[in-house]
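Engineer: Only the shape, not the letters, is given here:
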């Protein structure tokens with residue numbers, strides 16, 4: 001909705017060259033439902049919320065720029081927002097300017113969920129601009145820092161676009177330039193954080209954790225508690241994937257205590273989902289129930305898929321508390337939701353959860369049908385052999401009418417663990 005008009009829409013509200021603190025203060029007032037006065041009518045909060053957070057991200061990046069470069073930064077963002085491929089005198093063939101450099105990285109970052117290929121193109125353009133920055137003007141070490149940062153963001157963009165071999169080489173460039181730079185601890189922490197995401201994508205969780213081991217403390221010492229919290233939340237995910245939910249829960253709680261909940265609401269929503277899931281996996285059902293009660297409003301403020309996943313967690317909580325019928329109702333709703341969204345792996349897994357609830361109620365015929373429906377979908381996907389073995393076992397047990405709750409629960413655990421360890425599937429684009 002806002003791809004071409006985000007800065008134009010807010011420029012009238014903030015002016016051509018907004019001060020970062022003015023932007024942050026105004027954004028927070030709008031998100032809290034506080035009108036700005038008779039001149040500016042209050043827009044629809046939920047429609048504009050992503051736009052406000054995007055503009056706040058732009059303002060943070062402009063914060064350290066000189067006034068002239070800040071003006072150039074916003075002008076470049078407006079050109080990029082209109083789909084400009086070249087940036088006239090400030091572009092790939094023109095003068096290299098800090099404002100252009102920051103604008104390219106800012107625009108690349110906000111597109112990470114929307115357009116990975118454009119994210120890569122813009123980050124690569126930032127690498128080019130950084131390569132032409134004046135050593136005389138900025139100093140050799142400072143330029144090395146800027147080049148390291150651009151290469152790090154470019155490597156991360158390549159990771160997001162699933163160009164993993166290229167990402168590996170780009171991370172090497174980022175590290176090489178950082179060694180020649182000023183030794184900025186924030187830059188080192190940022191590169192380690194991004195590289196951890198790369199190893200997480202490769203499912204090399206030990207390598208990812210190694211890179212995150214020191215990063216939270218590096219951010220804390222630099223006076224950046226939000227960044228420390230964000231890193232702890234990422235570490236919690238990798239620890240959970242490695243099979244230690246207790247430690248993952250501890251890291252997740254530490255991270256939530258540090259992050260700025262207004263700054264990255266989507267991150268906080270994901271972390272809250274993860275915490276509820278970990279409590280359920282650990283069998284701490286009363287605590288999970290209290291957490292769900294306290295956090296429901298925040299959990300439900302996320303997107304449609306997140307709400308479906310939350311409903312699935314509610315079903316798992318009901319199942320853990322032996323409320324079989326409530327679990328069945330929740331699992332049926334989520335199964336149909338995933339079917340509508342064409343998320344085939346998630347749909348098939350929910351069929352198995354539903355089969356568990358049905359078996360607990362003595363509905364063996366219905367449970368067997370759900371298992372067979374799930375196996376048909378799983379076998380149509382490119383799944384890892386460990387998942388394949390579990391699905392084959394369940395299919396045979398259902399066909400022989402030897403399906404039991406113990407077998408089903410054990411294999412669902414195996415499937416979930418294999419999914420975390422190896423990834424789910426490459427194909428999620430056809431309806432079951």
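Structural biologist: The structure has been received and is ready for your questions. Given the structure is predicted, the values throughout are model-derived calculations rather than measurements.

Engineer: chain center to stretch 170-187: distance?
Structural biologist: Once both centres are worked out by Cα atoms, centre = their mean, to the nearest Å, stretch 170-187 turns out to sit 24 Å from its chain's centre.

Engineer: end-to-end on that stretch?
Structural biologist: Start to finish, the residues bounding stretch 170-187 are 15 Å apart (Cα to Cα, to the nearest Å).

Engineer: List the buried residues for that stretch?
Structural biologist: 170, 171, 173, 174, 175, 177, 178, 181, 184, 186, 187 (16 or more other Cβ atoms under 10 Å). Every residue, glycine included, has its C-beta placed from N, CA and C.

Engineer: so which of these comes closest to residue 202?
Structural biologist: The nearest member of these to residue 202, counting by Cβ to Cβ, is residue 171 at 11.8 Å.

Engineer: which other helices and strands contact the helix or strand hosting the closest one?
Structural biologist: Following DSSP states H and E, one finds residue 171 within helix 164-179. The contact analysis (3 or more Cβ pairs under 8 Å, 6 or more residues apart in numbering; DSSP states H and E) places helix 164-179 against helix 140-160, helix 185-201.

Engineer: Grab the most central residue of this protein for me.
Structural biologist: residue 267 (6.7 Å; Cα atoms, centre = their mean).

Engineer: surely that one meets residue 233?
Structural biologist: Yes: between residue 267 and residue 233 there is a contact under Cβ atoms under 8 Å: 6.7 Å.

Engineer: Could I get the buried residue list for stretch 251-259?
Structural biologist: Those would be 251, 252, 254, 255, 256, 258, 259, for stretch 251-259 by 16+ other Cβ under 10 Å.

Engineer: Let me see the mean pLDDT of stretch 226-239.
Structural biologist: Averaged across stretch 226-239, pLDDT comes to 94.

Engineer: one step back: is it possible to get TSV of the helices and strands packed on helix 164-179 that adds mean pLDDT?
Structural biologist: Shown next, in TSV, are those (pLDDT from 0 to 100):
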stretch	mean pLDDT
helix 140-160	96
helix 185-201	94
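
Engineer: Residue 221 is nearest to which of the ones you listed?
Structural biologist: In terms of Cβ to Cβ, the element of the helices and strands packed on helix 164-179 nearest to residue 221 is helix 185-201, at 7.0 Å.

Engineer: Show me what counts as buried in that closest one.
Structural biologist: Burial within helix 185-201, assessed by neighbour count using 16+ other Cβ under 10 Å, is assigned to 186-200.

Engineer: what packs against whichever helix or strand comes after that helix?
Structural biologist: Reading on from helix 185-201 to the C-terminus, the next helix or strand found by DSSP H and E is helix 205-212. Applying 3+ Cβ pairs under 8 Å, 6+ apart, one finds that helix 205-212 makes contact with helix 185-201, helix 225-241.

Engineer: List the contacts of helix 205-212.
Structural biologist: For helix 205-212, contacts defined as Cβ atoms under 8 Å, 6 or more residues apart in numbering pick out 192-193, 195-197, 199-200, 231, 234-235, 238-239, 241-242.

Engineer: Look up how far residue 103 lies from residue 163.
Structural biologist: Counting by Cβ to Cβ, to the nearest Å, the gap from residue 163 to residue 103 is 23 Å.
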